[in-house]
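Engineer: build me a structure from this.
(2 chains)
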Amino acid sequence: EPEVTQTPSHQVTQMGQEVILRCVPISNHLYFYWYRQILGQKVEFLVSFYNNEISEKSEIFDDQFSVERPDGSNFTLKIRSTKLEDSAMYFCASSGLDGELFFGEGSRLTVL
Amino acid sequence: GENVEQHPSTLSVQEGDSAVIKCTYSDSASNYFPWYKQELGKGPQLIIDIRSNVGEKKDQRIAVTLNKTAKHFSLHITETQPEDSAVYFCAASTGGYQKVTFGTGTKLQVIP
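Structural biologist: Have a look, this model is predicted:
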């Protein structure tokens, strides 16, 4: 069964450092997303991406965040200067035209 | 924007009993209502969804109901088993590739 894969599974970084989280969406999907889940809380939408541009972004997705699809298979989330409050589980998801989301296993980010 | 409320936050049932989780949403334009199961350390996994042109959908031991007038939707799990223990999230979307707004989650514990 096709799946969304994410790397790394866990990253520990110092406050102020740049972090890149990587995702390989399902190959025939056209829509890509990043969601975030702070420990014990609900899953929150960050950004959606279609046709090589951002479709929608939430208030959380400020200027410190960016997304890119550099090579037609990977989909990345970059946090330019991490803050303590960026510590969370970051989930990549992809969907086809029906909107059914398939999530990856997540990347846990710990900012010290 | 959309706001999804979910109750209860925790639910304990005896194996074999039924479990019901209820959600409300605020945006009358929402027309796609997925339910996700999240096991510890994993990403959300779609277990069932319902679209606004139907009032009820069933898949083996799982059923969802939707009342668009009241903006309520519910998940029913019958004959619960220990492997049903997880966190369940309801969600709402205006469909297609639009973002999915999650509820706050219900931690279900099935006691053997």
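
Engineer: only C-alpha atoms for contact and neighbour calcs from this point on.
Structural biologist: Will do.

Engineer: what does chain B put close to chain A?
Structural biologist: Counting by C-alpha under 8 Å from any C-alpha of the partner chain, the positions of chain B adjacent to chain A are B:41-46, B:95-105.

Engineer: got a ChimeraX select line for the buried ones in the residues you listed?
Structural biologist: Applying 16 or more other C-alpha atoms under 10 Å in any protein chain shown to the residues of chain B next to chain A, the buried members can be selected in ChimeraX as follows:
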select /B:43,44,45,46,95,96,97,98,99,100,101,102,103,104,105
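
Engineer: mind listing which of the residues of chain B next to chain A are in strands?
Structural biologist: Within the residues of chain B next to chain A, residues falling in strands by DSSP state E are B:45-46, B:101-102.

Engineer: biggest separation within these, which pair?
Structural biologist: Using C-alpha to C-alpha, these span at most 14.8 Å, a distance reached by B:Gln45 and B:Thr101.

Engineer: chain B contacts on chain A?
Structural biologist: For chain A, the contact set with chain B under C-alpha under 8 Å from any C-alpha comprises A:31, A:41-45, A:48, A:56, A:91, A:95-99, A:101-106.

Engineer: centre-most residue in chain A?
Structural biologist: In chain A, the C-alpha nearest the mean C-alpha coordinate belongs to A:Trp34, at 3.4 Å (C-alpha atoms, centre = their mean).

Engineer: direction included, what does the strand or helix carrying it pair against?
Structural biologist: Using DSSP states H and E, A:Trp34 sits within strand A:31-37. Paired with strand A:31-37 in the same sheet, following DSSP bridges, are strand A:43-50 (antiparallel), strand A:88-95 (antiparallel).
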